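>>> Next input, structure requested:
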Amino acid sequence: MNQEKVIKKIKKMLAMAADVSSPNEAATAAKMARALMDKYQVSELDIDTVNHSDFGQYTQNKRYKRRPYWQQTLAVYVAQFNDCIARISDGHLEFVGFIMDAEIAGRMFEYLLTSAAALSKNIRGCSERHCYFKGFSDQLCQRLKQLSRTRIESESDSNALVLKKIQAVNNHFGEARYRKVKTPSRTFSDSEKKAYLSGVTHGRSVAIHPEVKKNAPALPFSKAV
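Predicted structure coming up:
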């Protein structure tokens, strides 16, 4: 299967992933897209002969003056799952890495945002919605983190490729420097706690890896990478 056919098939999978009426099917589609890409790159990508044209970026159209931290956190884990770097340039979110990886990361992130927006439609109140999105992001991030670790630790050809790709991306774009954000401690209302747990539940329904249950720490990305 050539690159054009692989891209076409992956785009179709990611279009399926955008179907928020079926979150479990969306998660399955995203996993299948990543697995297909891994299979293609193991057989076709010669990591030792890559050049400048093999790298690229996927840029979100929407510009934020200050992007919500839960989105920043989620972007980092989506990027790492797809062997990319997430960064902000002039208010726009970018995924940079090998061209096809960057596109998968960008489209995966967008479908997760779309899912969050659709699933949160019954949450009322600004602070409650913030708590909902935090719970949604925490749940997804932990699963993405676990799945990324599984890919790296697996004994296979794709494992060796993942490690080489990460090094090549870091050499080309510079190593990512993500900063931890301290969340101020405060007492949450019952409605805020309920909203957070609702976000966790919905995050679990679109989970990439259903067996992981712990929350992920906030890890927003730096503006300059």
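>>> On the three-state scheme, residue 96 is what?
Judged by DSSP: H, G, I helix; E, B strand; the rest coil, the three-state class of residue 96 is strand.
>>> beta partners of it?
Beta-bridge pairing for residue 96 (DSSP bridges): residue 57, residue 85.
>>> Just name the shakiest helix or strand of this protein by mean pLDDT.
helix 23-44 (a mean of 66; mean pLDDT, DSSP states H and E).
>>> Show me where the chain has its strands.
Under the criterion DSSP state E, strands of the chain are mapped to 55-59, 85-89, 92-98.
>>> residues contacting residue 172?
With contact taken as C-beta atoms under 8 Å, 6 or more residues apart in numbering, residue 172 is in contact with 52, 55. In this view, the C-beta of every residue, glycine as well, is placed from N, C-alpha and C.
>>> Could you pull out the helices in the chain for me?
Along the chain, the stretches classed as helices by DSSP state H are 3-17, 23-44, 69-81, 99-119, 126-153, 157-173, 190-205.
>>> would CSV of those helices with distance to residue 179 be doable?
Shown next, in CSV, are these (distance: least, C-beta to C-beta, whole Å):
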stretch, distance to residue 179
helix 3-17, 29
helix 23-44, 26
helix 69-81, 10
helix 99-119, 19
helix 126-153, 16
helix 157-173, 17
helix 190-205, 23
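>>> Quick check: which of those helices is nearest to residue 181?
Nearest of the helices of the chain to residue 181, taken as C-beta to C-beta: helix 69-81 at 6.0 Å.
>>> now the closest one and helix 99-119, what's the angle there?
On the basis of axes from the mean of the first three to the mean of the last three C-alpha atoms, to 10 degrees, helix 69-81 is oriented at 150 degrees to helix 99-119.
>>> which other helices and strands contact helix 69-81?
If you count contacts as 3 or more C-beta pairs under 8 Å, 6 or more residues apart in numbering; DSSP states H and E, helix 69-81 packs onto strand 85-89, strand 92-98, helix 99-119, helix 126-153.
>>> possible to save these as JSON lines with distance to residue 37, mean pLDDT and mean neighbour count?
Formatted as JSON lines, the helices and strands packed on helix 69-81 follow (distance: least, C-beta to C-beta, whole Å; pLDDT from 0 to 100; neighbours: other C-beta atoms under 10 Å):
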{"stretch": "strand 85-89", "distance to residue 37": "17", "mean pLDDT": "94", "mean neighbour count": "23"}
{"stretch": "strand 92-98", "distance to residue 37": "9", "mean pLDDT": "95", "mean neighbour count": "23"}
{"stretch": "helix 99-119", "distance to residue 37": "6", "mean pLDDT": "86", "mean neighbour count": "22"}
{"stretch": "helix 126-153", "distance to residue 37": "11", "mean pLDDT": "87", "mean neighbour count": "20"}
